[in-house]
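Undergrad: I would like to see how this sequence folds:
(chains A and B)
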Number of protein chains: 2
Amino acid sequence: MHPLDEATALAGAATEPVRRGRTHDAYWTFIGPFGGASAATALRAVLEHPRRQGDPLAATVNFCAPIERGEFAVHVRLARANRSSQHWQVEFRQDDADDAVLTASIVTAARRESWQHQPAQPPPLPPPATMAPFAERNALSWIAQYGFRFAEGVFEPSEQPFDPPRSPRSVLWLQDDRPRELDFVSLLAMSDAFFGRLFQVIGRVPPFGTVSMTTYFHASAEELAAHGSAPLAAVADARVFHRSFGDQTAELYGTNGQLLATSVQIAYFRV
Amino acid sequence: MHPLDEATALAGAATEPVRRGRTHDAYWTFIGPFGGASAATALRAVLEHPRRQGDPLAATVNFCAPIERGEFAVHVRLARANRSSQHWQVEFRQDDADDAVLTASIVTAARRESWQHQPAQPPPLPPPATMAPFAERNALSWIAQYGFRFAEGVFEPSEQPFDPPRSPRSVLWLQDDRPRELDFVSLLAMSDAFFGRLFQVIGRVPPFGTVSMTTYFHASAEELAAHGSAPLAAVADARVFHRSFGDQTAELYGTNGQLLATSVQIAYFRV
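TA: Below you'll find the predicted structure:
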């Protein structure tokens, strides 16, 4: 079983309104599970639900509080079902508390053929085989679950904060370290698999945590499956760091330069 | 009373878990209220709640179904309260139904002073007084509530769809038509006040509707208040139109080029 499937597995019948997840040591970050794995778990709860129709279109995940190591309850609710779209709400709770450690809204929809046009272009990248993999794999366990090949914007620790600040932009090949066919679960996790933009901007890793992330999917399940396990061409960037919060934008491209997902997030920092 | 304040007014005590809103004919779009006004109403429900602390940081609004003209119930729930952030859930329902016509998650947070850096730059724009206001104000009622001055990317109807498609990018000054001091309510509404990117790309207005929108706020309440009622410099763009859905990105800049809000949305279309 692939570690991502272990990390996102849910116990309890898929028809039940409350299921159970469990944090996985292979996807651990500073003080809780890797947010991408938590987001992917919320998505899996929706995908496995017998009433779910259509492909994921939009997922917003709010990281309300650190999830403690161990079990969490996964509450799933269909807030609205339309003819060709559904609106799902997911909430993680721990220790029988009433308050959430994670909330998510996930929209699924029929991805019918239509007129199409992609103004966005994938970043120019050398072939992955010609590039060195990112070597600092052991700082946090989740990092080792991915293969990173940076063409631009790699984190470099610095004794003094960079002045002027460096660019927040990164361009890279990104893939599951252990090969896994691309699907919505792994794509959502990968949309969070960028190092905090702030780190490379200042050359330090201060207290930091994602508060909210939104990912849009721009492909059908069949299109993701056709991509297979090849690396994704990715761009991550940021626009502002102000009053303790900074943003992140990301684009993930698949075979033939198809834009598969776009993502934004807002993160807390203390500098 | 400003029409935006009328459109976002809530009846019922702010301590009640369910309040009542009402659609406003001045903010009407194709088949329901202007999404920006609905989003702003959800935000107001949080802002007015006596337990609310901090400034809005992130707001995701899912437009689950068309809101019919008239009253709607506004359910407000604090899903998580931390020392310096809160996670709110809002849901609109109509006709005593159990299913939602709108869901929203809104994060509020203390915006403490910190290191700051803004890689994003406002778009170059001529002074607003030198630019002609957008003239097609009467197609939909909400359009007349805003002042638009386009430097780039204005909608032009075309008999034949543009081939090749035109750029989805617009650069403009945007403001409330009737002057109103900027606050989070009006800024959230304005983050949805861009015409569908698809319209200018193909030169037509096909069936279209926003499904989900996420806006991040990058300023404190004091910073917004200091902006006053001046126009915002805005950029809207899109990256992909594929299988019946397309995205939108937006940035809104205030005085001295400060990035006040960034926004994304995903919208249905039929072409």
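Undergrad: what about A:V211, which SS state?
TA: Here A:V211 is recorded as strand under DSSP: H, G, I helix; E, B strand; the rest coil.
Undergrad: my read: it touches A:N62, true?
TA: Yes. Shown here, A:V211 and A:N62 form a contact pair, counting by CB atoms under 8 Å, at 7.1 Å. C-beta here means a position set from N, CA and C on the backbone, and glycine is covered the same way.
Undergrad: What residues does A:R51 make contact with?
TA: A:L78, A:A81, A:Q86 (CB atoms under 8 Å, 6 or more residues apart in numbering or on different chains).
Undergrad: Quick check: next helix or strand after the longest helix along chain A?
TA: Across chain A, the longest stretch assigned as helix under DSSP state H is helix A:35-47. Using DSSP states H and E, the next helix or strand after helix A:35-47 towards the C-terminus is strand A:55-63.
Undergrad: Paired strands for that next one, with orientation please.
TA: Applying DSSP bridges, strand A:55-63 is found paired with strand A:102-109 (antiparallel), strand A:208-217 (antiparallel).
Undergrad: Make a markdown table out of these and add mean pLDDT, distance to A:H2 and mean neighbour count.
TA: Formatted as a markdown table, the strands paired with strand A:55-63 follow (pLDDT from 0 to 100; distance: least, CB to CB, whole Å; neighbours: other CB atoms under 10 Å in any protein chain shown):
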| stretch | mean pLDDT | distance to A:H2 | mean neighbour count |
| --- | --- | --- | --- |
| strand A:102-109 | 98 | 22 | 27 |
| strand A:208-217 | 98 | 20 | 24 |
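Undergrad: tally of neighbours for the closest residue to A:S244 other than its chain neighbours?
TA: Distances taken as CB to CB, 6 or more residues apart in numbering or on different chains place B:S114 nearest to A:S244, at 4.5 Å, with adjacent residues excluded. For B:S114, the count of nearby residues is 17 (other CB atoms under 10 Å in any protein chain shown).
Undergrad: Relative to A:Y268, how far out is B:S114?
TA: 10 Å (CB to CB, to the nearest Å).
Undergrad: so what sits against both of the two?
TA: A:S244.
Undergrad: Pull the residues that contact the longest helix of chain A.
TA: Here helix A:35-47 makes contact (CB under 8 Å, 6+ apart) with A:4, A:7-10, A:19, A:21, A:24, A:27, A:29, A:52, A:56, A:59, A:61, A:63, A:67, A:74, A:76, A:88, A:90, A:92, A:102, A:104, A:106, A:108, A:142, A:184-186, A:188-193, A:210, A:213, A:215.
Undergrad: what angle do that helix and strand A:208-217 make?
TA: 40 degrees (axes from the mean of the first three to the mean of the last three CA atoms, to 10 degrees).
Undergrad: any idea how far helix A:35-47 is from the chain center?
TA: In terms of CA atoms, centre = their mean, to the nearest Å, the centre of helix A:35-47 is found 9 Å from the chain centre.
Undergrad: From the contacts of A:R51, list the ones also adjacent to chain B.
TA: The overlap between the contacts of A:R51 and the neighbours of chain B (CB under 8 Å from any CB of the partner chain) comes to A:A81.
Undergrad: is it possible to export the contacts of A:R51 to CSV including secondary structure?
TA: Output for the contacts of A:R51, formatted as CSV (three-state DSSP):
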residue, secondary structure
A:L78, strand
A:A81, strand
A:Q86, strand
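Undergrad: looking at the contacts of A:R51, which has the most residues close by?
TA: Tallying neighbours with other CB under 10 Å puts A:Q86 at the head of the contacts of A:R51, with 23 neighbours.
Undergrad: For it, give me its contacts.
TA: Contacts here follow CB under 8 Å, 6+ apart; on that basis A:Q86 touches A:R51, A:R52, A:Q53, A:G54, A:L78, A:R80, A:V107, A:T108, A:A109.
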